[in-house]
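Trainee: With the sequence up front, the predicted model follows.
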Amino acid sequence: MQWEIVIGLEVHAQLSTHSKIFSGASTAYGAPPNTQACVIDLALPGVLPVLNKGAVERAIKFGLAVGAKINSPSIFARKNYFYPDLPKGYQISQYELPVVQGGSIVIQADGVDKSIRLTRAHLEEDAGKSLHEDFHGMSGIDLNRAGTPLLEIVSEPDLRSSIEAVAYAKTLHALVRWIGICDGNMQEGSFRCDANVSVRPRGSDKLGTRCEIKNLNSFRFLERAIDYEARRQIETLEDGGTIRQETRLYDASKDETRTMRSKEDANDYRYFPDPDLLPLEISSGWIEQIQSTLPELPQARCNRYVTEFKLSAYDAGVLTSSRETADYFETTVKQLPTQAKLCANWIMGEINGQLNKDGIEINDCPISSAQLAALLTRISDGTISGKTAKTVFESMWNGELDKDADAVIAAKGLKQISDDSAIEKLVDEVLAANAQQVTDYRNGKEKAFNSLIGQIMKATQGKANPAQVNTILKKKLTG
């Protein structure tokens, strides 16, 4: 390719406070329009904003998690623009001195680790919402979201493909949920991405003209929007055209981006310090107190799984993709400390597969980690085979016999045959009944061995210990 794609993301993470950033109004989702907008959110004359301490704590927690500088003082500014859903005619945000400056996120794309630099993460209030669908010839305004606390996380233009952009967004999404500052619900608008996309000749250090794609609320739309926009810009340049700096929207139904408005620069917003809000002083003691509440972070836990449990980097990465999955794994493996790989395989395989099929999260998993550990113990001690365990798992998932693995095994008669003499007798019977396959195997036809194994397992309805069957059969055929 003669073109290089350059991408920077601006992510708006809604902070998990119960009230808004400058008022006591609720942030709960789904209320009827304009029922959660108080006098401050409505910008009535004479009202003053009061900063939500919980929002600041969550911003500091994020900054510590990404190794950023926590600025003190930190300044709130007025960002001036005029939309019907912005009652004050300006948004309270941060500009020159954001609460979080710098830091980085490590992503994995195409099996390679890459560090993505962060420019900043600043606190700001959300705007309201314009409603067009339910009105004929006019728009409605819902100000429930006005004043909702956001942390806008801005990356440097270090991303070079839509795959990297999605990996970054997913890593960031997992992190804000992991440290408990955002619920990450993209359908409810709690985690939204704006993608700044430009292209330049490969090898050039000069950035191209960027276009910003607004309000992408799914990872799939993020990938498709970036791919479309990059193609559009490359085709325009190759046809001799120029790229205009503009804000664009992604139309998922048509799988294309389209012009929304010309892109503003910072000076268009006429930022200045908000006179109603004092500079935010953050003491070292406060930072240390918040630091003490941080959990073990995803990368640290991933590294520990590799060293402590001897898991592959891939397995450890899947298990630490969410804090809930990692906690489920840890409580399972605590009961089977020598069987970490077995626990990992079942959580990544059967558990995740069934969760995806039923469209539920691991927090709602009908099989507890203790119940899964009890099932895996019966594989480990030879009571049942791995294949039979899947039958037991299905029964447990469906709520049979109080999800007790031993009860299901006993009720269905699934206990594995592990007695050498009993297996030897079965092997002798199968060999006597399949003389031709015995001859074929001894003449070098390996497939005959597998056929004999199948006959033995069929005779025992799959209950014979496969490893013992294999050993005894081989001994009989070569002895």
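Mentor: On my side now, so go ahead.

Trainee: Please report phi then psi for Leu277.
Mentor: phi -130, psi 120 (degrees, to the nearest 10).

Trainee: same deal with the one 4 residues further on?
Mentor: Summarising the backbone geometry of Glu281 under the convention degrees, to the nearest 10, its torsions are phi -90, psi 130.

Trainee: Then the one 4 residues further on?
Mentor: Gly285 adopts backbone torsions of phi -60, psi -40, taken as degrees, to the nearest 10.

Trainee: Neighbours of it, how many?
Mentor: By the criterion of other C-beta atoms under 10 Å, Gly285 has 8 neighbours. To be clear about C-beta, it is placed using only N, CA and C from the backbone, and glycine gets the same treatment.

Trainee: Just the pLDDT at it, thanks.
Mentor: Looking at Gly285, its pLDDT reads 97.

Trainee: Pull the contacting residues for it.
Mentor: If you count contacts by C-beta atoms under 8 Å, 6 or more residues apart in numbering, Gly285 has none.

Trainee: same check, this time on the one 5 residues further on
Mentor: Neighbouring residues of Ile290 by C-beta under 8 Å, 6+ apart: 57, 60-61, 64.

Trainee: ok, 6 Å please
Mentor: 57, 60-61 (C-beta atoms under 6 Å, 6 or more residues apart in numbering).

Trainee: Would you verify that it is located in a helix?
Mentor: Yes - Ile290 sits within a helix when classified using DSSP: H, G, I helix; E, B strand; the rest coil.

Trainee: Give me the nearest residue to it, chain neighbours excluded.
Mentor: Sequence neighbours aside, Ile60 is the residue nearest to Ile290 in space, at 5.0 Å (criterion: C-beta to C-beta, 6 or more residues apart in numbering).

Trainee: those helices in the stretch 351-479 of the chain, which residues are they?
Mentor: Ranges of helices within the stretch 351-479 of the chain are 352-358, 369-380, 386-397, 405-412, 420-433, 435-442, 447-459, 466-478, based on DSSP state H, counting those that start in this stretch.

Trainee: Can you give me the buried ones in the longest strand anywhere in the chain?
Mentor: Longest strand of the chain, by residue count under DSSP state E: strand 112-125. Across strand 112-125, burial judged by 16 or more other C-beta atoms under 10 Å covers 114, 116, 118-125.

Trainee: Of those residues, which one scores lowest on pLDDT?
Mentor: Lys114 (94).

Trainee: List the contacts of that residue.
Mentor: Ile107 are the contacts of Lys114 under C-beta under 6 Å, 6+ apart.

Trainee: mind listing what Phe22 touches?
Mentor: With C-beta under 6 Å, 6+ apart, Phe22 has these contacts: 40, 49, 147.

Trainee: Most neighbours out of these, which is it?
Mentor: Ranking the contacts of Phe22 using other C-beta under 10 Å puts Gly147 first, with 31 neighbours.
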